[in-house]
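Asker: What would the 3D arrangement of this be:
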Amino acid sequence: MASDDGIEQAWARMIQLLFSRRNTFLAMARELGLTPPQTHALMTLSDGPARMGSMADAMVCDASYITSIVDRLEELGLAERQPSTTDRRVKEVALTEAGRRAVARLHRAMFEPPATLRQLSARDRNDLVRIAQRLVPDDPGLPRFDVR
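Answerer: Predicted coordinates:
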């Protein structure tokens with residue numbers, strides 16, 4: 001059902017914009033030798049060490065699958081298992097220095113604004129920020145992406 005108000009066209013353009021960044025992000029992940037689930041796990045660790053069970057919950061997958069993902073991250077030197085600081089019976093997964101560098105590269109690939117946004121006038125950019133804030137209000141149930 002087409003609408004005369006242009007909402008569908010605006011939404012389609014926003015999706016195109018997001019997919020263009022997604023493709024850049026996935027190309028960077030491939031360059032690092034990572035699959036999308038491995039990339040997701042790596043990005044999950046950017047907030048600090050995590051238990052494998054917590055990672056499985058965050059990724060909505062089975063704990064045995066996380067084991068294979070962490071194995072691969074260790075093979076690549078991006079993460080390491082370490083004893084928990086709060087419970088010595090538990091292992092946590094933490095980024096290595098190489099993992100922190102990889103996360104920084106992935107973050108830039110995903111969050112670097114496209115050149116077309118930078119070409120907007122200051123007024124258009126301000127309008128876009130104001131509209132985006134109305135479209136996606138702060139919601140503690142949604143992931144927050146900090147602009148670094």
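
Asker: The spatially closest residue to residue 77 that is not a sequence neighbour - how many residues pack around it?
Answerer: Nearest non-adjacent residue to residue 77, counting by C-beta to C-beta, 6 or more residues apart in numbering: residue 98, 4.9 Å away. Just so you know, the C-beta spots here come from the backbone N, C-alpha and C atoms, and that holds for glycine as well. Residue 98 sits with 13 neighbouring residues when counted by other C-beta atoms under 10 Å.

Asker: For residue 98, give me its contacts.
Answerer: Contacts for residue 98 (C-beta atoms under 8 Å, 6 or more residues apart in numbering) come out as 76-78.

Asker: Buried ones among the residues you listed?
Answerer: Neighbour-count burial (16 or more other C-beta atoms under 10 Å) is assigned, among those, to 76, 78.

Asker: how much space between the residue nearest to residue 77 and residue 71?
Answerer: Residue 98 sits 16 Å away from residue 71, taking C-beta to C-beta, to the nearest Å as the criterion.

Asker: same deal with residue 87?
Answerer: Separation of residue 87 from residue 71 (C-beta to C-beta) stands at 22 Å.

Asker: Show me what the biggest helix by length in the chain is packed against.
Answerer: Longest helix in the chain, counting residues (DSSP state H): helix 7-31. With contacts taken as 3 or more C-beta pairs under 8 Å, 6 or more residues apart in numbering; DSSP states H and E, helix 7-31 sits against helix 36-44, helix 97-111.
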